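Participant: this one's sequence-less:
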């Protein structure tokens with residue numbers, strides 16, 4: 001499902017326009033509704049505030065939904081259930097919703113959230129009437145960006161159970177829910193660095209969909225500069241990672257790209273540019289238990305561009321596009337170290 005949204009940011013001397021897109025393996029120009037939504041960024045750090053919106057587009061049927069907040073530090077979950085009546089919409093403050101409102105637990109600082117439809121018995125069901133959106137308000141930086149959710153349709157008939165193998169996972173395997181993308185393409189980045197007037201500091205969020213909190217995913221990057229020269233890099237992480245692009249590899253820096261055989265006329269605000277591909281290599285729990293290793297793990301990736309001048313900063317989500325399909329993605333359970341087998 002692909003979602004196109006035109007976002008205009010003003011605050012520098014010139015307005016910066018961007019398209020915020022989330023996608024999986026579908027090529028639809030308008031995103032459809034689904035039964036499971038993955039909000040890839042929940043940021044409650046500093047003065048930041050994350051607002052998550054969920055809408056029930058059915059005009060006749062209420063639905064129970066479960067919010068599962070995953071903390072980046074330990075990959076453990078905090079749950080919250082609520083009912084959406086027909087045509088209902090709700091926006092929650094993730095800081096409050098993942099903490100005080102969920103039984104007095106401490107709110108997660110960084111991580112992600114997924115929401116799925118379920119019945120009165122707590123079993124996940126097909127209810128392809130849900131949509132959502134998100135915005136992160138960066139209070140300390142006086143900017144905002146919209147990391148909208150990836151929406152997955154359930155495969156069984158409307159109202160039917162989706163947990164076909166009776167495990168603890170929401171499987172993105174083409175049987176329970178839609179598959180996720182095999183390879184992720186980020187079609188643009190502005191190199192990290194400083195010029196006389198501007199500074200650029202892009203970030204990348206990676207979310208592992210294969211294995212639980214004990215699994216470490218190894219990820220491959222293939223990066224192209226503005227003259228189509230390829231460079232490779234590799235990183236590893238557990239569960240969820242948010243870092244500057246240069247923390248993944250120095251390839252993304254202005255200092256490196258300016259030494260390559262680049263196209264001299266292709267500057268943005270004086271910075272080098274490029275694009276890149278992301279593909280899972282392997283994920284492993286480091287355990288000898290069966291199912292402790294899997295190749296080509298499924299991922300979600302979100303890039304945030306940042307450009308600033310003085311105290312003024314603008315941030316926006318860069319479009320991401322999926323190539324192929326991957327059937328070993330799932331939303332992990334809070335317990336257990338074994339990979340789910342599709």
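Facilitator: Right, received. Where do you want to start? Computed from a predicted model, the values in this text were never measured in an experiment.
Participant: ranges for the strands of the stretch 101-250 of the chain?
Facilitator: For the stretch 101-250 of the chain, the strands defined by DSSP state E, counting those that start in this stretch cover 110-118, 130-138, 143-145, 150-152, 170-172, 183-190, 193-194, 199-200, 203-208, 216-225, 230-238, 240-244.
Participant: Against residue 266, how distant is residue 275?
Facilitator: 12 Å (C-beta to C-beta, to the nearest Å). Every residue, glycine included, has its C-beta placed from N, CA and C.
Participant: Neighbour count for the two, which is higher?
Facilitator: Neighbours around residue 275 and residue 266, counted as other C-beta atoms under 10 Å, are more numerous at residue 275. The numbers are 16 against 12.
Participant: so that one touches residue 185, yeah?
Facilitator: Yes - counting by C-beta atoms under 8 Å, residue 185 is a contact partner of residue 275 at 7.2 Å.
Participant: and this structure, what are its domains?
Facilitator: Here the domain parsing of the chain from automatic domain parsing is 26-173, 180-324.
Participant: Mean pLDDT and distance to residue 330 added to the ones you listed, as a markdown table?
Facilitator: Below are these laid out as a markdown table (pLDDT from 0 to 100; distance: least, C-beta to C-beta, whole Å):
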| stretch | mean pLDDT | distance to residue 330 |
| --- | --- | --- |
| domain 26-173 | 89 | 4 |
| domain 180-324 | 91 | 6 |
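Participant: Of the ones you listed, give the one that comes closest to residue 331.
Facilitator: The closest of the domains of the chain to residue 331 is domain 26-173. By C-beta to C-beta, the value is 4.3 Å.
Participant: Neighbours of the nearest residue to residue 244 once chain neighbours are set aside, how many?
Facilitator: The shortest distance from residue 244 to any non-neighbouring residue, by C-beta to C-beta, 6 or more residues apart in numbering, is to residue 203 (5.6 Å). As a burial measure, residue 203 scores 20 neighbours (other C-beta under 10 Å).
Participant: what about residue 222, neighbour count?
Facilitator: For residue 222, using other C-beta under 10 Å, the count is 15.
Participant: Same check on residue 60?
Facilitator: The burial count for residue 60: 7, using other C-beta under 10 Å.
Participant: Now it: which helix or strand?
Facilitator: Counting by DSSP states H and E, no helix or strand carries residue 60.
Participant: Surely it touches residue 85?
Facilitator: No - counting by C-beta under 8 Å, residue 60 does not reach residue 85; the two are 10.3 Å apart.
Participant: Show the contacting residues for residue 195.
Facilitator: Residue 195 sits next to 269-271 when contact means C-beta atoms under 8 Å, 6 or more residues apart in numbering.
Participant: Would you mind checking which of those is nearest to residue 311?
Facilitator: residue 269 (17.0 Å).
Participant: how near is the closest one to residue 305?
Facilitator: Note on residue 269: its distance to residue 305, by C-beta to C-beta, is 11 Å.
Participant: okay, those two: which has more neighbours?
Facilitator: For residue 269 versus residue 305, the count of surrounding residues by other C-beta under 10 Å is larger for residue 305: 22 against 16.
Participant: Which element, helix or strand, includes the residue nearest the centre of the chain?
Facilitator: Most central in the chain under C-alpha atoms, centre = their mean is residue 40, positioned 3.1 Å from the mean C-alpha point. Taking DSSP H and E as the definition, residue 40 sits inside strand 36-43.
Participant: one step back: residue 262: which of the strands of the stretch 101-250 of the chain is closest?
Facilitator: strand 216-225 (5.3 Å).
Participant: which secondary structure elements does the closest one contact?
Facilitator: Applying 3 or more C-beta pairs under 8 Å, 6 or more residues apart in numbering; DSSP states H and E, we find strand 216-225 packed against strand 203-208, strand 230-238, strand 273-284.
Participant: Kind regards, and thank you for your time.
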